[in-house]
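Asks: Based on what follows, work out the 3D shape:
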Amino acid sequence: MKNTAILILEDGSKFYGESIGINGMSDGEVVFNTSMTGYQEILTDPSYKNQIITFTYPHIGNVGINSNDEESSFIHAKGIVIKNISPISSNYRSQTTLLKYLKKKKIITITNIDTRKLTKKIRKSGSQKGCIICLKNIPKFKNYKEVLKYKNLKFQKKKVTLNIKNNILNKKKINIYNNLKKKNIQFKKNNIKNIIVYDFGIKKNIINILIKKKCKITIISKNFKYKKILKLSPDGIFLSNGPGDPRNFISAIQSIKKLIPYKIPMFGICLGHQILALANNAKIIKMKFGHHGANHPVQDVKTKKIIITSQNHNFIIDKKTLPKNIKITYLSLFDKTIQGIKIKNKPIFSFQGHPESSPGPHDASFLFNYFIKLMNKKTNKKI
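Replies: This is a model prediction of the structure:
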């Protein structure tokens, strides 16, 4: 039997619905995702840490859940908002239903609310904090402050780590650095690229793509020192996606700034894209409600070609602060925000969207090939 649930926003707005996950209370920034498919990849994307995901597509869960489509081993979001959830699944790859999956992962979820109304409110007023309350007896809260006060007394915050060990990866092909201790793993030596991967909250499919392209991968944390990176003689450096404000990654920004003078190919995605901009002295600003979806049109500034992309971010590069050494390569056709940059005279570039296509579309996947091409030209000299 479904229990009554409520979503209360920072401005006092209340949305009544039903609980389909576990009982409890969970607060976070409420964002909406406009994807029509790929809900499992979205749910397990580490970039949604500390956020409550609202699915704008009204019917979620019809193809069920399978272990291959997970981007990490657990759901990082603080809560889920769905209009209608399918009680059954109909797909040959399905291993369980979304309903059972949310309960197994112990996620607080509210359904049967007007997600269209909620989305319009966020678009109009901008991002808001909210709290999902799924309890047998819900107190009559007057405002959001009362909600948080009650929650902090009754519930402990769940800590979420983004350590790569918690991700579902083929660890036989990956070096994992933890407290600077390297696991010695043997690799084939036929044209394999040695790539350093900054893990800010990386998605599984990014790793899978790099492995398929014959890359030896060494995962490092955000605090890894640039001198140790140089000692590893990488063919390329990858800056991953992840959650949060890029301006908080001070150690990584400083290390990347020192790596830029070296002719080492570098590729950043999403958060990595923003961190690369910060390392080049550009500034970052927060968006009104962000870009979250798999249907965002992006245009190549040079060729005018349009690609449809998957997006998940709340921060963008401030155009007004771009230094002369940065060239804009892609722009959003929704709001003209920067979607891609390249460092002039250096094999370093980044993209705001998600070319790993989890979920799709696959229009931007060619960027991985461009990264490989740059590594083939690498000379390893400081310039």
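
Asks: Where does pLDDT dip in this structure?
Replies: Scanning the chain for pLDDT under 70 picks out 1-2, 155-190, 378-383.

Asks: Tell me which stretches of the stretch 151-300 of the chain form strands.
Replies: Listed in chain order, the strands of the stretch 151-300 of the chain (DSSP state E, counting those that start in this stretch) span 174-176, 193-198, 215-220, 236-239, 266-269, 284-300.

Asks: a markdown table for these, including mean neighbour count?
Replies: (C-beta placed from N, C-alpha, C; glycine too.) Formatted as a markdown table, the strands of the stretch 151-300 of the chain follow (neighbours: other Cβ atoms under 10 Å):
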| stretch | mean neighbour count |
| --- | --- |
| strand 174-176 | 19 |
| strand 193-198 | 22 |
| strand 215-220 | 22 |
| strand 236-239 | 26 |
| strand 266-269 | 27 |
| strand 284-300 | 18 |
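
Asks: JSON lines please, covering the ones you listed and showing distance to residue 342.
Replies: Converted to JSON lines, the strands of the stretch 151-300 of the chain look like this (distance: least, Cβ to Cβ, whole Å):
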{"stretch": "strand 174-176", "distance to residue 342": "28"}
{"stretch": "strand 193-198", "distance to residue 342": "19"}
{"stretch": "strand 215-220", "distance to residue 342": "21"}
{"stretch": "strand 236-239", "distance to residue 342": "14"}
{"stretch": "strand 266-269", "distance to residue 342": "10"}
{"stretch": "strand 284-300", "distance to residue 342": "12"}
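
Asks: Out of these, which gets nearest to residue 52?
Replies: Closest to residue 52 of the strands of the stretch 151-300 of the chain is strand 284-300 (Cβ to Cβ; 11.7 Å).

Asks: next SSE after that closest one?
Replies: strand 306-317 (DSSP states H and E).

Asks: residues of that following strand that come out buried?
Replies: 307, 308, 309, 310, 311, 312, 313, 314, 315, 316, 317 (16 or more other Cβ atoms under 10 Å).

Asks: residues in contact with the fourth one?
Replies: Which is residue 310. Shown here is residue 310, whose contacts under the criterion Cβ atoms under 8 Å, 6 or more residues apart in numbering are 35, 38, 293, 294, 296, 353, 354, 357, 358, 359, 360, 361.

Asks: Repeat that for the first one.
Replies: By Cβ under 8 Å, 6+ apart, the contact list for residue 307 reads 297, 298, 299, 300, 363, 364.

Asks: I'd say residue 372 and residue 193 touch.
Replies: Yes: here residue 372 lies in contact with residue 193, judged by Cβ atoms under 8 Å, at a distance of 6.8 Å.

Asks: can you map out the helices along this protein?
Replies: Taking DSSP state H to define them, one finds helices in the chain at 39-43, 98-104, 115-125, 144-154, 204-212, 226-231, 250-259, 271-279, 366-376.

Asks: Quick one: closest of these to residue 289.
Replies: Of all the helices of the chain, helix 115-125 comes closest under Cβ to Cβ, at 5.2 Å.

Asks: Spatially central, which residue of this structure would that be?
Replies: residue 47 (3.0 Å; Cα atoms, centre = their mean).

Asks: show me the contacts for that residue.
Replies: Residue 47 neighbours (Cβ under 8 Å, 6+ apart): 76, 201, 203, 241, 242, 243, 270, 271, 312, 313.

Asks: ok so, going back, can you check which residues contact both of residue 372 and residue 193?
Replies: Joint contacts of residue 372 and residue 193 (Cβ under 8 Å, 6+ apart) are 213, 215.

Asks: coming back round to it: turn the contacts of residue 310 into JSON lines, columns for distance to residue 88.
Replies: Output for those, formatted as JSON lines (distance: Cβ to Cβ, whole Å):
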{"residue": "35", "distance to residue 88": "21"}
{"residue": "38", "distance to residue 88": "19"}
{"residue": "293", "distance to residue 88": "26"}
{"residue": "294", "distance to residue 88": "24"}
{"residue": "296", "distance to residue 88": "31"}
{"residue": "353", "distance to residue 88": "33"}
{"residue": "354", "distance to residue 88": "30"}
{"residue": "357", "distance to residue 88": "27"}
{"residue": "358", "distance to residue 88": "24"}
{"residue": "359", "distance to residue 88": "21"}
{"residue": "360", "distance to residue 88": "24"}
{"residue": "361", "distance to residue 88": "27"}
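
Asks: Give me the buried entries from the residues you listed.
Replies: Taking 16+ other Cβ under 10 Å as the criterion, what is buried in these is 35, 38, 293, 294, 296, 353, 354, 357, 358, 359, 360.

Asks: can I assume residue 138 is in contact with residue 6?
Replies: Yes: with contact defined as Cβ under 8 Å, residue 138 counts as touching residue 6 (5.9 Å).

Asks: Mind checking which of those two has more residues around it?
Replies: The residue with more neighbours, out of residue 138 and residue 6, is residue 6; 20 against 16, by other Cβ atoms under 10 Å.

Asks: hey, what's that one bridged with?
Replies: Beta-bridge pairing for residue 6 (DSSP bridges): residue 16, residue 133.
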